[in-house]
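how would this look folded up:
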Amino acid sequence: MRIDIQRLLADLNEPQRQAVTHTEGPVLVLAGAGSGKTRVLTYRIAYLIATGTALPWQILAMTFTNKAAQEMRQRVATLVPGAELPQWVGTFHSVFARILRREGDRLGYDRNFAIYDEQDQLTLIKNGIRELRLQGDEINPRAVRGAISKAKNQLIFPEEYERKAETFFEREIVSPLYHYYQRMLKTNNAMDFDDLLVQPIVLFDRFPDVLTRYQEQFRYILVDEYQDTNRAQYTLLKQLAQRYRNLCVVGDDDQSIYRWRGADVGNILNFQQDFKDCAIYRLEQNYRSTKTILGAAHSVVRNNVNRWEKRLWTDRGEGEKVGVVATDSDREEAFRVVSLIEREVYQNKRSFKDFAVLYRTNAQSRILEQALRDAGIAYEIVGGVRFFERKEVKDVLAYLRVVCNPAESFSLKRIINFPLRGIGATTVSKVEEFARAKQIPLFSALERVDEVPAIAARTKESIKHFVKLINKYRSLRSELSPAELATALVEEVGFRRMLKEEGTDEARDRLNNIDELLYAIASHSSNAEDPSLEGFLQHVSLLTDVDSWDDRANVVTLMTLHSAKGLEFPVVFITGLEEGLFPLANSAMDQRDLEEERRLFYVGATRAKEKLYLTWAASRRRWGMEERVSRPSRFLMEIDSEYIELLGERDRPPRRARRPERPAERRSPMPAWEDESQEPNPIYAGRRVHHPKFGHGTVIAVDGADERARVVVLFDAVGEKTLVLKYANLRPA
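A predicted model of the protein is given here:
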């Protein structure tokens, strides 16, 4: 079927049209938020096919999600109806897994090799710890897995890793396990997720004829979200594009927000250096947001040094000012967010599905969820599960349920071997069989474990220790408050130690979620009609089981800023804009991290089509039960004043009041908006400090206030120390 080329191109603006029709040689398309980058990619593929410039099998198009790849294929089919479609459109991992299925025998792999997921990898590492006779109790398998994954993404193989190892952990733990891990993968004819990118590089390096064949086939290569590529992906693209050099990459350096998982914004920033004859096209017309929203977002991201300069524009009009909301506390912040949603609904006739509430860490969602429930507003969490359904929260709740009701066998089986105690499924089955024979609850059978046959003595001791732990906290219910009991149980079980040792961003997030749960228990005990632990557990069950809204689609969306990338909403709230939270504490230590946090703000702001609200709280409960005084985020200070309006008490819409007033003497001081440097406590999480004995370090957390305040510092020379702030003699470094 003949395709009308002019009609095909008529749907594009001029920069888009230029990027689509420039088919020969390297092309960099800098596509700002909402400027139609996916449109350029799909039209470029359609144009290559419609003009006969390329045969469908000569086109390789890669993106980062299966959903995006599927949408790309569907759009191309619509643009060139009846034409043969390209078959090499997919994610990086799916494309190169396909190549490895064909060519893996060159590397000694059968084409039916297995792909190990995270649990498989952890099992392999645990086996290695045991077989290499390392000190298993002191080794965190997840930390080892993270170190191996990071090395692979940087193309550092076991031999090189061994040579470069500096710390004890790298030299004595990771290095031998990395060797073992790779050897066993090969023995088991398996690859992990990272290998799907690393092994093709090895393949192309060792067998130039294979590389030549794929260079010849893929004459036109297109890449979406190029700012999110890591070193392995960058290397693969350079290898494949070396012959014909028809590499078209589309991305936005201002939206590079995945450095924590290996993405290198330098790939897009340095594209012109790698391909000196590249054509550069800037897509700067935004079809999504108002001029005010774009101006506010740009006034923040322009403070980054390492970026391509671009200025988005739109013909959608000025729009409303960005609303900035300063609150006393995180609870007040959640209340104000809900109030503003209600005002938008009543005054502007919006639906709940028009709203997105964004936050930096998942732990922030709990109090927002509670405020939405109190107001009877349906919501949905995207990119995660509801707070009380998260694994680490459910694990703690399972312990508390067993303490309150040992006959509840479902929760009992969930926790009996978590954290690991050596009580396996076979042992549990034997105890369950004994319980059935004696017609007693499972916990009672555990208490009589000496009567259960065919269980090893060591395992019996582990069961007795577990029973003693549960009975201890059962007896403490009358002596401790629910919050005190839960906090003590979390500490003794080892949740906090385990997650701190893991040391990943995910682990820190999970630890924050546990702290939020402890705060929820304390809050319930202070305000509920039934303040007992049993009352809290019943309260949680009702919250997770009852949905008062019939239309599930008409809901407010809650998500992290990372999850919001690629989405858009009429009204967006970015919450928690405080130093140490957004930007995160560690951003103060590294300019690259700070710039990525700034880009993350830019991504969040440009999700908004019509209205953007920014909120911050002068005090927030973090790192446990104590409140911490906060300062407004530097990002708020960087927004040009012409784009914002400060929303005070007079802007609060009238609604039924549920929130009890806090006593005036307990209110935390609110930093003056105009004074960026005002700092009620100069020692805060993320700050570099100096101690007269321990030297320089970084503040991890500040707990408590006044005389009771303690500070946790990770010192460069001596590691982590907990100090009484009043006597610590710390000074900002």
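
Going by C-alpha atoms from here, please, whenever you check contacts or count neighbours.
OK.

The stretch 351-500 of the chain: strands as residue ranges?
Using DSSP state E, counting those that start in this stretch, the strands of the stretch 351-500 of the chain run over residues 355-359, 379-381.

Not including adjacent chain positions, what is the nearest residue to Glu447?
In this structure, Glu447 finds its nearest non-sequential neighbour in Val467, 6.5 Å apart by Cα to Cα, 6 or more residues apart in numbering.

same check, this time on His696
His690 (4.4 Å).

so what's that neighbour up against?
696-697, 730-733 (Cα atoms under 8 Å, 6 or more residues apart in numbering).

give me the element it is part of.
Assessed by DSSP states H and E, His690 sits inside strand 688-691.

got it, and Ile280?
Assigned by DSSP H and E, Ile280 belongs to strand 279-283.

Show me what the mean pLDDT comes to for the following helix or strand past that strand.
As assigned by DSSP H and E, the chain's next helix or strand after strand 279-283 is helix 291-301. For helix 291-301, mean pLDDT rounds to 95.

residues in contact with helix 291-301?
Identification of contacts with helix 291-301 by Cα under 8 Å, 6+ apart yields 254, 311-322, 598-599, 601-602, 605-606, 608-612, 635, 638-640, 643-644.

Inside helices: which ones of these?
Residues of these located in helices (DSSP state H): 598-599, 601-602, 605, 635, 638.

just to revisit the earlier point, number of residues surrounding the residue nearest to Glu447?
Residues lying near Val467 (other Cα atoms under 10 Å) number 19.

ditto for Asn405
Residues contacting Asn405 under the criterion other Cα under 10 Å number 15.

Let me know which of the strands of the stretch 351-500 of the chain is tucked in deepest.
For the strands of the stretch 351-500 of the chain, average neighbour numbers computed from mean count of other Cα atoms under 10 Å are highest in strand 355-359, which has a mean of 26.

Now do the strands in the stretch 501-650 of the chain.
Using DSSP E, counting those that start in this stretch, strands in the stretch 501-650 of the chain cover 556-560, 569-574, 608-617, 619-621, 627-629, 644-647.

Out of those strands, which gets nearest to Glu516?
Comparison of the strands of the stretch 501-650 of the chain against Glu516 by Cα to Cα identifies strand 619-621 as nearest, at 8.0 Å.

Given that closest one, what are its sheet partners and their directions?
Within its sheet, strand 619-621 is paired with strand 627-629 (antiparallel), according to DSSP bridges.

In the protein, what helix or strand scores lowest on average pLDDT?
Every helix and strand of the chain was ranked by mean pLDDT, DSSP states H and E. The lowest is helix 533-545, at a mean of 64.

average model confidence for stretch 490-502?
Regarding stretch 490-502, the rounded mean pLDDT is 89.

chain center to it, what's the gap?
On the basis of Cα atoms, centre = their mean, to the nearest Å, stretch 490-502 sits 21 Å off its chain's mean C-alpha point.

and the strand or helix carrying Leu714, what does it pack onto?
Leu714 belongs to strand 710-715 when assigned by DSSP H and E. When contacts are defined as 3 or more Cα pairs under 8 Å, 6 or more residues apart in numbering; DSSP states H and E, strand 710-715 sits against strand 695-703, strand 719-724.

Show me what counts as buried in stretch 629-648.
By 16 or more other Cα atoms under 10 Å, the buried positions in stretch 629-648 come out as 629-636, 638-639, 643-644, 647.

Quote the end-to-end distance of that stretch.
End-to-end span of stretch 629-648 (Cα to Cα, to the nearest Å): 20 Å.

What average pLDDT does it get?
Averaging pLDDT along stretch 629-648 yields 92.

go on, stretch 382-389?
The pLDDT scores in stretch 382-389 average 64.

circling back to that earlier point, residues in a beta bridge with the residue nearest to His696, which ones?
His690 has these beta-bridge partners by DSSP bridges: His696, Arg731.

need the strands of the stretch 501-650 of the chain in TSV with distance to Ile455, can you?
Shown next, in TSV, are the strands of the stretch 501-650 of the chain (distance: least, Cα to Cα, whole Å):
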stretch	distance to Ile455
strand 556-560	46
strand 569-574	54
strand 608-617	55
strand 619-621	46
strand 627-629	48
strand 644-647	66
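
ranking those by burial, who's on top?
For those, the stretch with the most neighbours on average is strand 608-617, a mean of 24; neighbours defined as mean count of other Cα under 10 Å.

So which elements touch that strand?
Contacts defined by 3+ Cα pairs under 8 Å, 6+ apart place strand 608-617 against helix 291-301, strand 322-327, helix 330-348, strand 569-574.

which non-adjacent residue is nearest Pro583?
Glu597 (5.5 Å).

ok, the one you found to Gly580 distance?
Plainly put, Glu597 is 11 Å away from Gly580 if you go by Cα to Cα.

Likewise for Ala483?
Remark: distance between Ala483 and Gly580 (Cα to Cα) = 26 Å.

same deal with Val572?
Separation of Val572 from Gly580 (Cα to Cα): 22 Å.

Let me see the ranges of the strands in the stretch 1-150 of the chain.
Using DSSP E, counting those that start in this stretch, strands in the stretch 1-150 of the chain cover 27-31, 59-63, 88-91, 114-116.
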